[in-house]
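[1] Sequence plus the predicted model coming up.
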Amino acid sequence: MTLLKLSLMAFSFVFWAAGLTMLTIGLWARVALGTYLALSASGYPSAPAILLATGLAVIIWGFLGCFGAATEHRGLLRAYAVFLTAVMAAGLTAGLSALLYRRDAARGLREGLRRALLAYGEDEGMADALDALQRALSCCGVESYRDWLASPRGLEQDGSVPLSCCRARRGCQRSPPDARRLHRDGCFGKVSAFVSSNMFYVATAALGLALLQLIGIVLACLLAARAPARPLGIATPR
């Protein structure tokens with residue numbers, strides 16, 4: 001019993017740290033990938049939101065395991081095991097969601113970038129997101145700067161490109177544009193690689209943290225099975 005108590009208390013500390021990790025990863029994914037994923041036609045993945053909610057719940061309730069182990073209260077230990085099972089399910093859901101989104105990310109990003117390029121000047125929010133993307137990744141257009149020349153904006157303005165495509169302001173927006181003054185790479189390849197690789201890290205972290213809960217579930221169930229039934233907060237002298 002003493003070894004089980006110490007093991008569960010040690011796991012509870014690791015579990016609390018895992019909750020903080022979940023919260024950090026979810027917040028990072030929401031902030032770092034938010035601008036890029038906002039342009040995707042396939043919608044925003046649920047993984048960051050799940051990690052944020054789960055991490056916050058773990059931080060709040062992470063001390064339940066320590067208290068349950070210290071008091072050897074069967075009801076608390078069973079509740080802790082159920083909570084760990086729910087956290088494991090949420091982690092698996094977040095990980096699988098990230099993996100599935102990663103598989104379909106390229107198609108959604110290409111279509112979303114094309115929509116943003118065609119709607120540039122009509123949808124201010126989408127235009128701002130596309131400008132921010134082109135500046136951040138030093139890219140221009142979907143496949144290349146030539147996408148802007150055939151766009152409604154390019155046809156209206158005699159083949160000019162947005163300022164966010166320019167490597168330098170001077171002489172960049174003349175018609176036709178000087179390719180030497182523009183970002184050479186298209187945005188699709190860069191943003192697709194960035195999102196795909198980072199969603200893989202999110203999925204790996206979520207699945208790994210979910211599988212970690214198996215240890216806590218086993219420990220909590222074993223301790224609950226051996227703990228005597230008694231009111232909350234009353235420990236049996238040993």
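    Here it is on my side, so go on. Residues are numbered from 1 along each chain as shown.
[2] ok, Ala206 - contacts?
    Residues in contact with Ala206 (CB atoms under 8 Å, 6 or more residues apart in numbering) are 22, 25, 47, 50-51, 91-92, 94-95, 98. Every C-beta, even on glycine, is put in place using the N, C-alpha and C of the backbone.
[3] From these, which one has the minimum pLDDT?
    Lowest pLDDT within these is found at Ala47 (71).
[4] Just give the closest residue to that one, not the sequence neighbours.
    Ala98 (4.0 Å; CB to CB, 6 or more residues apart in numbering).
[5] Break down the chain into its strands, ranges please.
    Assigned by DSSP state E, the strands in the chain number zero.
[6] Could you pick out the longest helix of it?
    If you go by DSSP state H, the chain has its longest helix at helix 74-118.
[7] Just name the shakiest helix or strand of this protein by mean pLDDT.
    Comparing helices and strands within the chain by mean pLDDT, DSSP states H and E singles out helix 64-71 as the least confident, with a mean of 68.
[8] give me the low-pLDDT residue ranges for the protein?
    The model of the chain has pLDDT under 70 over residues 1, 8, 35, 41-46, 65, 67-72, 170-171, 173-175, 227-238.
[9] contacting residues around Arg30?
    48-49, 52.
[10] please redo it, this time with the cut-off set to 6 Å
    Arg30 sits next to Pro48 when contact means CB atoms under 6 Å, 6 or more residues apart in numbering.
[11] how far away is it from Arg226?
    42 Å (CB to CB, to the nearest Å).
[12] next one: Tyr201
    In terms of CB to CB, Tyr201 sits 39 Å off from Arg226.
[13] same check, this time on Ala193
    52 Å.
[14] One more: Val195?
    48 Å.
[15] These two: which is more packed in?
    Neighbour count, other CB atoms under 10 Å: between Val195 and Arg226, Val195 has more, with 22 against 13.
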